[in-house]
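Colleague: Here's my sequence, what's the structure:
(2 chains)
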Amino acid sequence: MILGIGTIGLPSVLARTAGPDGIVAFWMAVAITLAGTILVILLVQRFPNQGLADYSNYLLGSILGFVFNLVFGLFMLTVVSGVTRGYAEITKFFLLPRTPLEAIIISMLFSASLLARNGLEPIARACQILFYVFFVPVLVTPTFIAIFDIGEFLPLFQADLATIFKSAFHSLYSLLGIEVMLVIGSHAENPKRLMRPAVTAIGIVAGFTFVFIVLAFGSLSVPQTAKLTDPIFEMIKYVPLPFSILERIDIFFNAVWTASTYSTIVIGLYTASHHLAETFKLNSGKGFVFPLVVAVYFMSLLPKNEMEVSIYNNWLVVAWLVLIFVFVPLLLVISLFRKPQDPGGQRRSSKQKQKKANS
Amino acid sequence: MTMSCNQRCLSLVLVMISLFAAGCWDAKDVDQRSFVMGVAFDLSDTDEKIMMTIEIPILTSFASQSQSPQDAKSLLASTTGTSVAQMAARFETRTWRELFFGHTQCIIVSEDLARESILPIIDFFDRNPRIDRRLTLFISQGKADEVFHTQDPVESLVSIQLNQMLNTLTNTTRVVKRNFQDNLRDLESNGDTILPRVRSTETEVVIAGGALVKDYKFIAWLGENEARAVAFLYNSISGGVITVNVEDILYTFAVRSASTDIKPVLKDGQLSYKIKVRAEGDIVETFYRGPGGAVKFDIPKIQDRLNQVITDEILHLLTKLQEFKADPIGFDRLVYRHYPKFWKEHQENWKDQVWPKASFDVAANFNVRRTGILEEVTIYQSQG
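Modeller: The predicted model follows:
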């Protein structure tokens, strides 16, 4: 979940809701995400080597805990469905206009499920490779100088706080993802040291996304960015590239974006299946992947059109806010009164857990 | 090696997926497409308002060895309708090849149609995700489809010729060099822009001057000197020559680099703009008719004259824009950026009341770097 599916539409959302102050709104969204990250990691650190399904049962009681875990599983499924549908909509519009939405969804889900079934290590290795691929588009940045207008960022601080908050809320969809740490954080070699890499990861994602927002505002202008649905793709088409061989560089951006969506879907599927396996006390979540894929397929087809996809995504952000800023602090507070159990008892060592996850 | 049941099932699923979910629905070979290189729009005499003409290259003629002038390199087709999408669909009754606008190089709107509005024309292209936003939007002096009928003995496709001319023009500044994206940026800001003007004869097309568009409607032509002032204000000078007369000697200055900085100043409720033009380049020619001899270059005088010429041209253009109450350069955006409060108070009556009363302080600073490989001005004896 390095780059959210919403990244390509994020500049448009920011420009539409807050104008040049969209930059301010974006950093407010980053601050909210960082606060959420800190809460999540604090909780994970309270229960090293335990997944959400383990410690939520312990903190909330078996019945409430079970219900909470099912709801969290459903939330993860909804996230994956939203991402899959968003990917399919954009791919259909820009690349495959005649291909049925269902075929695009099936091909993506099928290829993602193959990796999701193979456990955390192959996913981590795939993401390691993709991480460097995501930096390649940054190399195109200097070509924007010719069409970049720094004046587009003025006037700053003109929007009121309510507008900034509203804009930040809409941009949160592009920054979701840290919630997976509730489940897979327990696989960290040393959970005590998890805070720094988690905050760094958010910083990298924020920096990377910020570059795209700045390029869109500066090259397309704020009013035009606001008007376009996916300004990142349009912005690339406008760049005066020196060689004709790079004329269709937007296709290359499309490929990088598809790879980032793929990584998001894989991690989402793995987290959901692994979490459900822990909820039902099973050794591996492998068997859950295909049934979840079927569920995601049907859920992703629920919104009737692009407008409904957008409403669906807004509800996802609300659910994310509730999870991170209501349930996670609640679990943290309860954990102050109900001390974490002895690591030698119920908890499994990270290596054992890793082995189990990979089996 | 025998395969287990699971492996067989997986292989079967993989084969099915690769057959049915590999995007084959969108497979379209190159020969199944009609590449629309240029589109022209005119007013129609029929009940249906607009006539759309498209230029499609005949790809087989490019591959053939024969270079007979009778071999047509492009196909021109016209239809009438009330909207661009409707007309584009109507072409499908004439060709089985799908019209593809991904390589369209230019859109030409006739002056008659542009006087009514260019908004309904550009919406189709602005909305289309396959459009290359670096194409050029022209206003034609006369009928737009006639530009495509030009029989240039050298060029095969008028659309490509127009686009290439505009993108490689460095030896003149008398053209408004803007692409579709630049125009959209202006138009979506306040509905005003300046588009390059194109006109044609039987054997050649000429791009020179500009067309002033206000509220999406063409309202006036801009001459070639005015187009040069526009280029300075748009900060899009990439070359060109300026000839000035200093003591009866004509000096031709080739611009190597230029930049323009515009700043709004609000003092006591009075809006003014400080416009600073900086340019540097070389003297590439001196021209004199009179008694022969040799004189030293008077660089400061040449620079002063250049400063004066460009300042006058810019002021002339700005006065004209104020008279038309049009703001294609985007002076309103500068006020919005630097004085948002003032902008909020006056945005409703910007074009009618505030913009026409704005004053300007133009300062040009031309720098002659070199005088070619000659140190002196050589004046030859006039023969006649």
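Colleague: alpha carbons only for contacts and neighbour counts from here, please
Modeller: Noted.
Colleague: Report pLDDT for residue 313.
Modeller: Went with chain A since none was named. According to the per-residue confidence, residue A:313 scores 87 in pLDDT.
Colleague: Hmm, no, I was thinking of chain B.
Modeller: What the model reports for residue B:313 is a pLDDT of 94.
Colleague: What strand or helix carries it?
Modeller: helix B:299-324 (DSSP states H and E).
Colleague: how distant is the helix or strand following that helix from the center of its chain?
Modeller: The helix or strand immediately downstream of helix B:299-324 is helix B:331-338, counting by DSSP H and E. Between the mean C-alpha point of helix B:331-338 and the mean C-alpha point of its chain there is a distance of 23 Å (CA atoms, centre = their mean, to the nearest Å).
Colleague: Residue numbers of the stretch 51-200 of chain B in contact with chain A?
Modeller: Residues of the stretch 51-200 of chain B lying close to chain A (CA under 8 Å from any CA of the partner chain) are B:129, B:130, B:132, B:133, B:134, B:181, B:184, B:185, B:188, B:189.
Colleague: Identify the farthest-apart pair in the residues you listed.
Modeller: By the measure CA to CA, B:130 and B:189 form the most distant pair in those, at 23.3 Å.
Colleague: thinking again about what came up before, the helix holding residue B:313 - contacts with which helices or strands?
Modeller: Using 3 or more CA pairs under 8 Å, 6 or more residues apart in numbering or on different chains; DSSP states H and E, the elements in contact with helix B:299-324 are helix B:224-233, strand B:241-246, helix B:355-357, strand B:359-370.
Colleague: what bits of the stretch 201-350 of chain B have low per-residue confidence?
Modeller: Flagging of the stretch 201-350 of chain B using pLDDT under 70 yields the residue ranges B:289-295.
Colleague: Could you do the stretch 51-200 of chain B as well?
Modeller: Within the stretch 51-200 of chain B, the ranges that satisfy pLDDT under 70 run B:63-71, B:169-173.
Colleague: ok, back up a step: most tightly surrounded among the helices and strands packed on helix B:299-324?
Modeller: Mean neighbour counts were taken over the helices and strands packed on helix B:299-324 using mean count of other CA atoms under 10 Å in any protein chain shown, and the top value, a mean of 24, falls to helix B:224-233.
Colleague: Strand B:241-246 and that one, what's the angle between them?
Modeller: With axes from the mean of the first three to the mean of the last three CA atoms, to 10 degrees as the basis, helix B:224-233 and strand B:241-246 are set at 110 degrees to each other.
Colleague: what's across from residue B:138 in the sheet?
Modeller: Partner residues in beta bridges with residue B:138: residue B:108, with DSSP bridges as the criterion.
Colleague: ok, back up a step: and the helix holding residue B:313, which residues are buried?
Modeller: Within helix B:299-324, the residues that qualify as buried are B:302-303, B:305-311, B:313-315, B:317-319, B:321-322, B:324, counting by 16 or more other CA atoms under 10 Å in any protein chain shown.
Colleague: Please tell me the pLDDT value assigned to the closest residue to residue B:145 other than its chain neighbours.
Modeller: Distances taken as CA to CA, 6 or more residues apart in numbering or on different chains put residue B:40 closest to residue B:145, at 5.5 Å, once the chain neighbours are dropped. Reading off the per-residue confidence, residue B:40 sits at a pLDDT of 96.
Colleague: Surely residue B:40 is in a strand?
Modeller: Yes. Assignment of residue B:40 by DSSP: H, G, I helix; E, B strand; the rest coil places it within a strand.
Colleague: and it, how many neighbours?
Modeller: By the measure other CA atoms under 10 Å in any protein chain shown, the count of residues near residue B:40 is 26.
Colleague: what's across from it in the sheet?
Modeller: According to DSSP bridges, residue B:53, residue B:108 are recorded as the beta-bridge partners of residue B:40.
Colleague: can you pull the contacts of it?
Modeller: By CA atoms under 8 Å, 6 or more residues apart in numbering or on different chains, the contact set of residue B:40 is B:52, B:53, B:54, B:107, B:108, B:109, B:110, B:144, B:145.
Colleague: Could you report the separation of it from residue A:292?
Modeller: From residue B:40 across to residue A:292, the span is 53 Å (CA to CA, to the nearest Å).
Colleague: Report the contact partners of residue 202.
Modeller: As the question left the chain open, I've gone with chain A. The contact partners of residue A:202, by CA under 8 Å, 6+ apart, come to A:30, A:33, A:34.
Colleague: let's do chain B instead
Modeller: With contacts taken as CA under 8 Å, 6+ apart, residue B:202 has the following neighbours: B:149, B:150, B:151, B:152.
Colleague: How is it assigned, secondary-structure-wise?
Modeller: Quick answer, by three-state DSSP: residue B:202 is coil.
Colleague: Quick check: phi and psi at it.
Modeller: Backbone geometry at residue B:202, expressed as degrees, to the nearest 10, gives phi -70, psi -30.
Colleague: Give me the number of neighbouring residues for the residue nearest to residue A:50 when sequence neighbours are not counted.
Modeller: Closest residue in space to residue A:50, ignoring its immediate chain neighbours: residue A:186 at 5.2 Å, by CA to CA, 6+ apart. With neighbours defined by other CA under 10 Å, the count for residue A:186 comes to 24.
Colleague: Tell me the spacing between residue A:186 and residue A:5.
Modeller: As defined by CA to CA, residue A:186 lies at a distance of 26 Å from residue A:5.
Colleague: sorry, back to before: kindly indicate which of the contacts of residue A:202 lies nearest chain B.
Modeller: Ranked by distance to chain B (CA to the nearest CA), those are led by residue A:30 at 25.5 Å.
Colleague: Pull out the buried residues from the helix or strand hosting the closest one.
Modeller: Secondary structure assignment for residue A:30, by DSSP H and E: helix A:22-46. Of the residues in helix A:22-46, those with enough neighbours to count as buried (16+ other CA under 10 Å) are A:22-34, A:36-46.
Colleague: any residue of that helix up close to chain B?
Modeller: No. For helix A:22-46, no contact with chain B is found by CA under 8 Å from any CA; the gap never falls below 14.7 Å.
Colleague: starting at the chain centroid, how far to that helix?
Modeller: Centroid separation for helix A:22-46 versus its chain: 13 Å, with CA atoms, centre = their mean.
Colleague: Equivalent analysis for stretch A:15-26, please.
Modeller: Stretch A:15-26 sits 21 Å away from the centroid of its parent chain (CA atoms, centre = their mean).
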